[in-house]
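1. Okay, structure incoming, though there's no sequence with it:
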């Protein structure tokens, strides 16, 4: 059994549910080859980037996708379209590379859930799973619903399975996740026709491409390595700017976050400029370490064809000591992204994920999207 795990921090933790799941499978007599490309504190769009970077998916038997703990933050009126197209695009990209693979959408959730958002996320995952199960081996493994039924939704009992608000306690919580997932992975799957159905949403992000900024001419490249990843970055010093012409709109920007990474101004043609911090609070005690992060350009109407044409993107590294009030007014605040702890750092840019529009796609599947019940009302 050749397994690929792509998810967030619960999938990174070792020991954790991934290692416990592999133990269950081996104890049941399965020979296991596993790959874990999960990245903590990120959403399904970093998953789409990671599976593209992974390469050949043809030998993979089963893929476990675990992003709900972070994706629930995107299930808002402003960002829902981006989440829908990102998650469905991840499914479609995997199936386009290996139509016979089994995909397991593992639904983990924060301990203290925002019930309406989790309900919308569950509704979206159910709709996507149901749609693709018609022509592929795609399953929903709703561990969150199972656990809440098991404890009669008792908050005090639920807390015993969590280390904090978003991570399952080890070994107790993670072991229960592992048993539940392993049971799903070992079920006998009835073969289905290997047929990729039409997209559920218009303009799903399998029609996206990666632009490797470290491969640009004259790039000052800095390599980042740890026990799990090796990433090259385009180092942009404060005051320097980078201009890229893209065939379609920017979806996400990935970068390497350190303790003293400098702020960044993102200016995309025909869109409002955005200012972000690229240093991460968790790196301050360990300045030699880094995190892979992505910034999602949310709030877009991806079903409108006129908004999807070519554009110029300008990325400018800002000296933190020169951050003005007008720049602060453009700040897209993100959890634990902070001003740099000291001077001397740069912005370490990795990849741009951008959309490549196809004529006629934008309106083709609106009816199917409405049928699936994926649209949501304003909060």
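-> Alright, I've got the coordinates. Quick caveat: nothing in here was measured; it's all calculated off a predicted structure.
2. How is the chain divided into domains?
-> Listed domain ranges for the chain are 2-185, 208-355 (source: automatic domain parsing).
3. For stretch 130-148, which outside residues touch it?
-> The contact list for stretch 130-148, computed with CB atoms under 8 Å, 6 or more residues apart in numbering, reads 68, 91, 95, 99-109, 113, 118, 122, 125-126, 128-129, 158, 161, 176-177, 180-181, 184, 189, 191-197, 200, 368, 372. C-betas here are computed from N, CA, C, even on glycine.
4. so how many other residues sit close to the residue nearest to residue 303 when sequence neighbours are not counted?
-> Leaving aside its sequence neighbours, residue 303 sits nearest to residue 202 (CB to CB, 6 or more residues apart in numbering; 4.5 Å). Residue 202 has 21 neighbouring residues, counting by other CB atoms under 10 Å.
5. And residue 1, by the same measure?
-> 16.
6. Ok, the one 5 residues further on next?
-> Neighbours of residue 6 under the rule other CB under 10 Å: 25.
7. tell me the contacts of it?
-> Applying CB under 8 Å, 6+ apart, we find residue 6 in contact with 37, 38, 47, 50, 51, 63, 64, 65, 66.
8. Who is the last one paired with across the strands?
-> When bridges are taken as DSSP bridges, the partners of residue 66 come out as residue 7.
9. Of the contacts of stretch 130-148, which belong to helices?
-> Among the contacts of stretch 130-148, the residues falling in helices (DSSP state H) are 68, 91, 95, 118, 122, 125-126, 128-129, 158, 176-177, 180-181, 184, 368.
10. So which of the residues you listed is surrounded by the most neighbours?
-> Neighbour max across the ones in helices among the contacts of stretch 130-148 (other CB under 10 Å) = residue 68, 28 neighbours.
11. Would you check that that one makes contact with residue 107?
-> Yes - between residue 68 and residue 107 there is a contact under CB atoms under 8 Å: 4.8 Å.
12. Now do the shared contacts for these two.
-> In contact with both residue 68 and residue 107: 121, 125, 144, using CB under 8 Å, 6+ apart.
13. quick check, nearest of the residues you listed to residue 33?
-> Distance ranking of the shared contacts of residue 68 and residue 107 against residue 33, using CB to CB, places residue 125 first at 26.9 Å.
14. The closest one: what's it in contact with?
-> Contacts for residue 125 (CB under 8 Å, 6+ apart) come out as 68, 87, 105, 107, 140.
15. Skipping adjacent residues, who's closest to residue 3 in space?
-> residue 34 (4.5 Å).
16. Run a quick neighbour tally on the one you found.
-> Residue 34 is flanked by 16 other residues according to other CB under 10 Å.
17. Wait, it touches residue 5, no?
-> Yes - between residue 34 and residue 5 there is a contact at 7.0 Å, judged by CB under 8 Å.
18. quick one, what contacts the nearest residue to residue 88 once chain neighbours are set aside?
-> Counting by CB to CB, 6+ apart, the nearest residue to residue 88 once its immediate chain neighbours are dropped is residue 204, at 4.6 Å. By CB under 8 Å, 6+ apart, the contact set of residue 204 is 85, 88, 89, 92.
19. try residue 205
-> Residues counted as contacts of residue 205 (CB under 8 Å, 6+ apart) are 45, 48, 85, 86, 88, 89, 90, 93, 251, 353, 355.
20. Figure out the helix or strand that the first one lives in.
-> Element membership of residue 45, judged by DSSP states H and E, is helix 44-54.
21. contact partners of that helix?
-> 4, 6-7, 35, 37-39, 57, 65, 67, 71, 82-83, 86-87, 89-90, 93-94, 205, 208, 210, 251-252, 254, 292, 294, 296, 351, 353.
22. can you do 7 Å?
-> Helix 44-54 has contacts (CB atoms under 7 Å, 6 or more residues apart in numbering) with 6, 37, 39, 57, 65, 67, 71, 86-87, 89-90, 93-94, 205, 210, 251-252, 254, 294, 296, 351, 353.
23. So for that helix, mean pLDDT?
-> The average of the pLDDT scores along helix 44-54 is 98.
24. likewise stretch 175-189?
-> Regarding stretch 175-189, the rounded mean pLDDT is 97.
25. what's the answer for stretch 240-258, then?
-> So the average pLDDT for stretch 240-258 ends up being 96.
26. cool, and stretch 100-119?
-> 91.
27. same deal with stretch 10-25?
-> The average pLDDT within stretch 10-25 is 98.
28. Give me the buried positions along it.
-> Applying a neighbour-count criterion of 16 or more other CB atoms under 10 Å, one finds 10, 11, 12, 13, 16, 17, 18, 20, 21, 22, 24, 25 buried in stretch 10-25.
29. one step back: can you list phi and psi of the residue nearest to residue 3 for me?
-> phi -130, psi 150 (degrees, to the nearest 10).
30. switch to numbering from 25
-> Understood, numbering begins at 25; the last thing we discussed is residue 58.
31. I'd guessed it sits against residue 45; true?
-> No - using CB atoms under 7 Å, residue 58 is not in contact with residue 45, being 9.0 Å away.
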